[in-house]
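# Need a 3D model of the sequence below.
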Amino acid sequence: MATEQDVKQRQIIEERARNISHNVRCTECGSQSIEDSQADVAILLRKLIRDEIKAGKNDTEIYQKLRDDFGETVLYAPKFDIQTAGIWLSPVIVGGIAAGIWAYQKHRQRTNVHIMALNLVRGVPLTPREKESMLDILTPPPAPRKWWWPGK
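Here you go, the predicted model:
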């Protein structure tokens, strides 16, 4: 009969194994952890984790073994390094650059129109280039021609 110490030891091993299994992606399913999956490979990985715990390895060593055997994608929380930072931050950086360019162009366009309008009010003659750009800004674009509509 198992002693109370043996029962506690088994519970600790089981708890650690479940914790690790929740953080490991099933290589067959892809969308489930090996704890939730019933695929053959998930069952084998759960057994491997329990065997590694019984052999005295800590969680970091077990994660490293899984990473070495199956690659970084087997873990739900891959290690954070410069490559993963670049992957996660690149959409934010590109969006920020695009928003900055758009805001600069809008600011520049509004500023130029306001300066030209002030010069007109003050009676300061506009240069030919200023007149041309003001007309371009103030003239609405022509309506798009519809290919199905006869006429013009």
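
# next one: phi and psi at the residue positioned nearest the centre of the chain?
Taking CA atoms, centre = their mean, the centroid of the chain lies closest to Trp88, which sits 4.3 Å from it. Note on Trp88: backbone dihedrals following degrees, to the nearest 10 are phi -80, psi -30.

# where do the helices sit along the chain?
With DSSP state H as the definition, the chain shows helices at residue ranges 4-22, 40-54, 59-70, 82-122, 128-138.

# Would you mind saying which of these lies nearest Gly30?
Comparing these by their distance to Gly30 (CB to CB), the top pick is helix 40-54, with 11.1 Å. In this view, the C-beta of every residue, glycine as well, is placed from N, C-alpha and C.

# List the buried residues of the closest one.
Applying a neighbour-count criterion of 16 or more other CB atoms under 10 Å, one finds Ala42, Leu45, Arg46, Leu48, Ile49, Arg50, Glu52, Ile53 buried in helix 40-54.

# what does that helix rub up against?
When contacts are defined by CB atoms under 8 Å, 6 or more residues apart in numbering, helix 40-54 is touched by residues 13-14, 16-17, 20-21, 24, 26-29, 32, 34-35, 61-62, 65-66.

# Helix 59-70 and that one, what's the angle between them?
140 degrees (axes from the mean of the first three to the mean of the last three CA atoms, to 10 degrees).

# Next one, pLDDT for Ile97 please.
Ile97 carries a pLDDT value of 95.
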